[in-house]
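1. okay, here's the prediction I keep looking at, along with the sequence it came from:
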Amino acid sequence: MRMENKGPAGRTRPQVRREAALRRGLAGAPLVTWCMRYVAGACAFASRSGPIRCVPPPDAIQNQELIVFPPSSALILPATGILSVTPGGHVGKIDPLHHLRMAARAKKVGGAGLKRFVVHSALLSLIDPVRGEPTRTPLDENPDAISGGQQLKQKFLDSFALICSTSSKGAETASAVCLEQHDPAGAILRVARNRGLTPNDLTGLEDVLQILRVVARKEKSSTQAELDILRLVVDLDRARILSIAEKVKKGIRNLLQEAQSRLLTGQVKPEALAKPGLKPWLDRCPFTVASLRDCDPATMVMLVDWASQARWPYSEQLQSLLGLGDTQKPPWLDSLHKIARYHSAIKSMVKLAAKQPEVLAGIQIREVRAAPDPRPFPLPNWGADLLTAVRQLVGKEDSRVIMEQLEKHLEMHLGTQDVEAQLRRPRRLNLTLHAEMQIVVFYEGNGSPVPRMPFIGTSKKACFLCHEYLLRHPLRLRVSACHQKIYPSWMPPPYYPIPGQKFPRTPFTYLSEHIEQLTRSELKNALTAPRRPPNQDSTAGPPLTTTATESTGLGSWRPAGIRPSPGGGGRSEDLG
């Protein structure tokens, strides 16, 4: 049997070396910081329960103890992570190196590493802005379907994030939400939103939560609560809903005209309209009003109700009227399905309040500090930067051929003959910190326990880079869906370096290496392949939470070989 070399106090030599390195790099400060934070966090518990014994994290200073916790309440802190105690004795998981990170200030990603990452992201976007198959958000599923306890909570978070996004331009108020259940006084909804929450929006969201609290106390029926919340939501999200409805209006009018023509010419069988209630439903379509911008609250309610019936009860009949088979759906139909999500969101929130009242009984909103302003990122020598990146990725000898293939690829997909001039034109990006990344920064830097359910609800599907970053982050937070679009304007979140580490390996380091490898592969293999089909936040695909939990690492388009993803430049309304 192999014997380990033991050092002082029976510890292995690697442990001794790690301790010495920690002492040299940290000078004792992290242990003091750790003790102060956790002792302060347990003061209320100590005042009621007597002496408390507190065990420092195992990857800090070994064999050190501060006598503060009662032996029966000792915290066992595994090497995979440390635990925090709130006054109520609730436990939440934190990043394993959190106590070390908090000894340093957050650092922004910058310099040559950021520029290289942005150029590689821009190259990938030029080759194909859609990096894989989009996955399906739970809000596109039938809201009357049976969901488990965990699914209900996740759907609730996506639902609440959806109604938090109030602007006509989704990127302006893209939202992300986490559920914290550590405090016995009540759960906390931690909300991050681009440009922050206005007082009016916060009031509207509080009104929604108040109705959910009433449902949790069994003082209001679910049916009445759904109607009351719908009225609040169409007022709160009026600008957002109307901006989507405008994209539906023309398509619906054409549908009604073409449906009549198809019926007269026999292209649609009469039995397609035989479903009870279908014709009256078509006749009262609210999208045909003269001006959607001037519609009253009752019409706003009808827009959501009509869209939900198009999405679920009359979905097959609508496709028959449109003459749709397995062909791609018209963009306006995807927009109609987006409006239907509000119906699904409201039912999901009320369902959680009714089935798990303990979650909603004392729930409160806590806002993450507003995101930093977009960061200007000029690329005055874009053409030279692009050529340099290609040479570094594929070699000088192959770079000329690759650049010629890239120009032909862009001519085909952009429909322009002057690609070379476009590639030489200076670029200026405004790097934006997405809402999902704001959540990550909050839990890294605030000292709060990470939610027991490591899930981020989002107002829209996560982009490709947010999704890939989360996969590489030690907090292991996840989202429900990803639209797989890549944005060169994506801002990497700041990070907390560990003192003593000269060359830290951060989640961004791993992401940057992955993007570099992917760009190299795409330059070699994807320039002669067709692009993936564009999507308008497509409702197709499997739910992200039921598929694989590894990075897709997708290369060129392979219709039959795409691996499912776990659950995306240029700016788009899907920018989160």
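-> That came through, no problem. Predicted, not measured: the structure shown is a model, and the values here were computed from it.
2. please count neighbours and contacts with C-alpha atoms only from this point.
-> Noted.
3. stretch 193-207 spans what distance, first to last residue?
-> With CA to CA, to the nearest Å as the measure, stretch 193-207 spans 18 Å from end to end.
4. what residues does it touch?
-> The contact list for stretch 193-207 (CA atoms under 8 Å, 6 or more residues apart in numbering) reads 163-166, 171-176, 232-233, 236, 365, 367-371, 434-435.
5. only whichever of these are buried, select them in PyMOL.
-> In PyMOL syntax, the buried subset of those is picked out as below (16 or more other CA atoms under 10 Å):
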select buried, resi 163+164+165+166+171+172+173+174+175+176+232+233+236+365+367+368+369+371+434+435
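6. among the contacts of stretch 193-207, which lie within strands?
-> 175-176, 365, 367 (DSSP state E).
7. what's the closest of those to residue 299?
-> residue 175 (26.1 Å; CA to CA).
8. on that earlier part again, switch the ones in strands among the contacts of stretch 193-207 over to TSV; also include pLDDT.
-> Formatted as TSV, the ones in strands among the contacts of stretch 193-207 follow (pLDDT from 0 to 100):
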residue	pLDDT
175	97
176	98
365	96
367	95
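9. mind listing the strands for the protein?
-> Under DSSP E, the chain gives strands at 52-54, 66-69, 82-85, 91-94, 175-180, 188-193, 364-367, 375-379, 427-431, 457-458.
10. can you flag the weakest of those by average pLDDT?
-> In terms of average pLDDT, strand 66-69 trails the rest of these, at a mean of 31.
11. can I see the domain layout of this structure?
-> 8-101, 111-136+374-546 (automatic domain parsing).
12. any idea which of those domains scores lowest on pLDDT?
-> Among the domains of the chain, domain 8-101 scores lowest, with a mean of 42.
13. filter the contacts of stretch 193-207 down to the ones in helices?
-> Among the contacts of stretch 193-207, the members found in helices (DSSP state H) are 163-164, 232-233, 236, 435.
14. can you put those in JSON lines and add distance to residue 506?
-> Formatted as JSON lines, these follow (distance: CA to CA, whole Å):
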{"residue": "163", "distance to residue 506": "33"}
{"residue": "164", "distance to residue 506": "31"}
{"residue": "232", "distance to residue 506": "42"}
{"residue": "233", "distance to residue 506": "40"}
{"residue": "236", "distance to residue 506": "39"}
{"residue": "435", "distance to residue 506": "20"}
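15. pull the most distant pair out of those.
-> Pairwise over the ones in helices among the contacts of stretch 193-207, using CA to CA, the maximum falls at 232 and 435, 23.6 Å.
16. enumerate the positions of the longest helix that the chain contains that are buried.
-> For the chain, the longest helix by residue count, based on DSSP H, is helix 238-264. Residues 238-249, 251-252, 256, 259, 262 are the ones in helix 238-264 that count as buried (16+ other CA under 10 Å).
17. what bridges to the one residue sitting closest to the centre of the chain?
-> Note on the chain: the residue nearest the mean C-alpha position is residue 462, at 3.9 Å, using CA atoms, centre = their mean. Here residue 462 shows beta-bridge partners residue 482, assigned using DSSP bridges.
18. and the gap between it and residue 456?
-> 10 Å.
19. overlap in contacts, these two.
-> 436, 479.
20. ok so, going back, the longest helix of the chain packs against which elements?
-> helix 315-322, helix 331-355 (3 or more CA pairs under 8 Å, 6 or more residues apart in numbering; DSSP states H and E).
21. can I get these in JSON lines including mean neighbour count?
-> Formatted as JSON lines, those follow (neighbours: other CA atoms under 10 Å):
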{"stretch": "helix 315-322", "mean neighbour count": "17"}
{"stretch": "helix 331-355", "mean neighbour count": "23"}
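22. can you tell me which of the ones you listed has the worst average pLDDT?
-> What stands lowest among the helices and strands packed on helix 238-264, in mean pLDDT terms, is helix 315-322, with a mean of 84.
23. list the contacts for the closest residue in space to residue 193 that isn't next to it in sequence?
-> Nearest non-adjacent residue to residue 193, counting by CA to CA, 6 or more residues apart in numbering: residue 175, 4.3 Å away. Residues near residue 175 by CA under 8 Å, 6+ apart: 161-162, 164-165, 191-194, 435-436, 458-460, 576.
24. residue 308 now?
-> Neighbours of residue 308 in contact, by CA under 8 Å, 6+ apart: 337, 339-341, 343-344.
25. need those in CSV with distance to residue 156, can you?
-> Converted to CSV, these look like this (distance: CA to CA, whole Å):
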residue, distance to residue 156
337, 18
339, 17
340, 16
341, 12
343, 12
344, 10
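26. so which of the helices and strands packed on helix 238-264 is nearest residue 223?
-> helix 331-355 (8.8 Å).
27. so which elements touch that closest one?
-> Looks like helix 331-355 contacts helix 149-164, helix 199-216, helix 222-236, helix 238-264, helix 297-311, helix 357-360 (3+ CA pairs under 8 Å, 6+ apart).
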